[in-house]
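K.L.:
Quick one, fold the following:
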Amino acid sequence: MADLPSDKVDEAKQVFDVFDKKYEGKVDSFYIGDMLRSLGIYPTQAECEKRGQTKKTGEKFLKVEEFLPIYSEFYKMPAKNFGTYEDFMEGLKLFDKESNGLMSLAELTQVLVAMAEKLEPRVVEEILRSTNTKDDAEGMFNYEVFVRALLQGPFPNEST
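P.N.:
Model prediction:
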């Protein structure tokens with residue numbers, strides 16, 4: 001089914017069931033990216049939107065049979081397409097002014113909200129909460145711990 005190994009189909013169905021909040025056999029398309037991240041794939045919002053993810057909840061729903069081909073497509077892509085641990089670390093090192101493994105949490109928040117694929121502040125707050133990322137008395141945090149937590153996922157989804 002969907003050209004995936006049977007264990008991956010089972011895993012995808014389990015994730016789908018978790019996101020099927022009303023047990024109706026369908027999931028809001030808004031959560032396509034969240035489901036993929038729960039499966040260890042980290043696509044951009046733009047990549048998810050190209051494949052049917054909506055910008056708001058309640059606009060469109062999909063069945064597991066529609067989700068499996070989306071997952072299959074991403075599953076077959078090389079991991080380097082999504083950003084690896086090394087990619088994230090290299091990017092965050094740019095903000096490590098003292099080369100001590102720490103960066104400003106306020107600066108990370110600003111970058112995520114204002115640059116490239118902008119995230120809404122509530123999404124950034126959810127990511128920080130989900131990864132248990134907090135700053136110290138000087139406003140700094142260890143970004144390696146953050147990246148490891150980020151790549152472990154999954155993140156709890158919030159109904160909007």
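K.L.:
which regions of the protein lie under the pLDDT threshold?
P.N.:
Applying pLDDT under 70 to the chain flags residues 1-2, 79-82, 116, 153-160.
K.L.:
tell me, what residue is most central in it?
P.N.:
The residue lying closest to the centre of the chain (CA atoms, centre = their mean) is Arg37, at 4.6 Å.
K.L.:
where does it fall, phi/psi-wise?
P.N.:
phi -60, psi -30 (degrees, to the nearest 10).
K.L.:
Please report how far it lies from Gln45.
P.N.:
From Arg37 across to Gln45, the span is 11 Å (CB to CB, to the nearest Å). Any C-beta I mention is one placed from the backbone N, CA and C, and that applies to glycine too.
K.L.:
Met140 now?
P.N.:
For Met140 relative to Gln45 (CB to CB), the value is 28 Å.
K.L.:
domain parsing for the protein?
P.N.:
If you go by the TED database, the domain ranges for the chain are 6-79, 83-152.
K.L.:
so where do the strands sit in the protein?
P.N.:
Per DSSP state E, the chain carries strands over the ranges 27-28, 61-62, 102-104, 140-142.
K.L.:
partners of the third one in the sheet?
P.N.:
Looking back up the chat, that one is strand 102-104. Here strand 102-104 is paired, per DSSP bridges, with strand 140-142 (antiparallel).
K.L.:
coming back round to it: winner for burial among the domains of the chain?
P.N.:
Highest mean neighbour count of the domains of the chain: domain 6-79, a mean of 17 (counted as mean count of other CB atoms under 10 Å).
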